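>>> Sharing a sequence plus its predicted fold:
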Amino acid sequence: MFKSMDIGIDLGTANILVYVKGKGVVLKEPSVVAIDKVRNKVLAVGDDAREMLGRAPGSIVAIRPLKEGVIANYTVTQKLLAYVIEKVAGKSLFFKPRVMTCVPIGITSVEKRAVMEATTQGGASKTYLIEEPLAAALGAGIDISVPRGNMVVDIGGGTCEVAVISLGGIVVSKSVRCGGDAIDSAIVRYIRKAFNMFIGERTAENIKIEIGTAMKVDEPAVMEVRGRDLLSGLPKSIEVNANHVCEAVNEPVSMIVDAVRNTLERTPPELSADIMDRGIVMTGGSSMLRNLDRLISQETGMPVFVSDEALNCVALGTGIAVENIDIYRKGFMTSK
């Protein structure tokens, strides 16, 4: 007897990760689709499409169909989901997988329905939704079913999700549409203003990964950055150090810190005591920005830890949830 496959998808603004029951995370690619506008045909998805960002001729457009955690381009999102589901589960008319997809907290019912429909049309037999902080907590190894407060800060490409979880549900939460993309944009603006040079978002992302820091350091790392001079219009090369980046990212980082403080201020006292004991857990790719954990700890007085599997936490959590659908069905899933 054939058994349908269970898949967990972390449908992120920057990356899409897929978890397959029994195998773990099997696919991790950028959420980018390259389309030929003339023939209206998908040319590439994921890594291949990302290479085309900012480098393609006029007839080819590389699109990131998700913006700030929600679907900005429905048709392209559906094609992205169809590509990953087919790549992982194969193409079959009869045996379609059950799919668990994560969504940010605080999105509207219309936005939720769009994710469900795009997933179903992409090739799922049944679609379930799970809120990102719950998936992140499960992926970080937290037992969310117990009556104890746990705080999760999940910082992805488009959103920062802060939630206090107890007894399998979210008690208080805050979602700000500020993540890795906002940090990249802040670096682009800073380089333009401070050095009269224009750089692309991919270069900004490389700067963030190589030398980015949320707090000033005594011995800042230095990196050579190439771009276009705004005055002459010619290629130009400059040296940027980690403290420049710290200055550049101050605004988005402050928004993240404020979201954590705001959530803590609204947390019931019993749960606050639990968080003081257990600390704040950080997940998501952007939580790996150097010294961000130290800054949050300094501003809140709470111990802060970055999960070992920060980048994969949400995907792992969707996987754990899809493997235990019957246990978690009541708590936080919408089924179609």
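Alright, I've got the coordinates.
>>> Tell me which stretches of the stretch 101-250 of the chain form helices.
Assigned by DSSP state H, counting those that start in this stretch, the helices in the stretch 101-250 of the chain fall at 109-121, 132-139, 180-195, 201-211, 242-248, 250-265.
>>> Against residue 298, how distant is residue 276?
15 Å (Cβ to Cβ, to the nearest Å). Bear in mind the C-beta positions are built from the backbone N, C-alpha and C, glycine included.
>>> picking up where we left off before, so which of the helices of the stretch 101-250 of the chain has the densest surroundings on average?
Each of those was given a mean neighbour count from mean count of other Cβ atoms under 10 Å, and the largest, a mean of 29, is that of helix 132-139.
>>> Export the helices of the stretch 101-250 of the chain to TSV and append columns for distance to residue 218.
Putting the helices of the stretch 101-250 of the chain into TSV (distance: least, Cβ to Cβ, whole Å) gives the following:
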stretch	distance to residue 218
helix 109-121	44
helix 132-139	33
helix 180-195	21
helix 201-211	14
helix 242-248	9
helix 250-265	18
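>>> how many neighbours does the spatially closest residue to residue 240 that is not a sequence neighbour have?
Nearest non-adjacent residue to residue 240, counting by Cβ to Cβ, 6 or more residues apart in numbering: residue 225, 5.0 Å away. Around residue 225 there are 22 other residues, counting by other Cβ atoms under 10 Å.
>>> hang on, residue 225 packs against residue 238?
Yes: Residue 225 sits in contact with residue 238 when judged by Cβ atoms under 8 Å, with a separation of 5.5 Å.
>>> joint contacts of the two?
Contact criterion Cβ atoms under 8 Å, 6 or more residues apart in numbering; residues shared by residue 225 and residue 238: 191, 197.
>>> if we can go back for a sec, between the helices of the stretch 101-250 of the chain, which gets nearest to residue 164?
helix 250-265 (6.4 Å; Cβ to Cβ).
>>> and the angle from the closest one to helix 180-195?
For the pair helix 250-265 and helix 180-195, the angle between their directions (axes from the mean of the first three to the mean of the last three Cα atoms, to 10 degrees) equals 140 degrees.
>>> Not counting helix 250-265 itself, show me its contacts.
Residues outside helix 250-265 that contact it (Cβ under 8 Å, 6+ apart) are 151, 153, 155, 160, 162-164, 172-176, 178-179, 182-183, 186, 214, 272, 275, 280, 289, 292, 295-296, 299-300, 302.
>>> remind me which residues of the chain are low pLDDT?
Under the criterion pLDDT under 70, the flagged ranges of the chain are 1-4, 93-94, 328-336.
>>> how near is the residue nearest the centre of it to residue 10?
Central residue of the chain (Cα atoms, centre = their mean): residue 156, 2.7 Å from the mean position. As for residue 156, its distance to residue 10 is 9 Å (criterion: Cβ to Cβ).
>>> Overlap of the contact sets of the two?
Both residue 156 and residue 10 are in contact with residue 314, where contact means Cβ under 8 Å, 6+ apart.
>>> what comes up buried for stretch 89-101?
Within stretch 89-101, the residues that count as buried by 16 or more other Cβ atoms under 10 Å are 89, 96, 97, 98, 99, 100, 101.
>>> could you dump those residues to CSV with distance to residue 257 and secondary structure?
Written out in CSV, the entries for the buried residues of stretch 89-101 read as follows (distance: Cβ to Cβ, whole Å; DSSP: H, G, I helix; E, B strand; the rest coil):
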residue, distance to residue 257, secondary structure
89, 40, helix
96, 43, coil
97, 39, coil
98, 38, strand
99, 35, strand
100, 31, strand
101, 29, strand
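>>> ok, so of those, who is nearest residue 142?
Checking those against residue 142 with Cβ to Cβ, the nearest one is residue 100 at 17.7 Å.
>>> residues in contact with the closest one?
By Cβ under 8 Å, 6+ apart, the contact set of residue 100 is 6-9, 127-130, 318-319, 321-322, 325, 333.
>>> In a markdown table, list these along with secondary structure.
Written out in a markdown table, the entries for the contacts of residue 100 read as follows (DSSP: H, G, I helix; E, B strand; the rest coil):
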| residue | secondary structure |
| --- | --- |
| 6 | strand |
| 7 | strand |
| 8 | strand |
| 9 | strand |
| 127 | strand |
| 128 | strand |
| 129 | strand |
| 130 | strand |
| 318 | helix |
| 319 | helix |
| 321 | helix |
| 322 | helix |
| 325 | helix |
| 333 | coil |
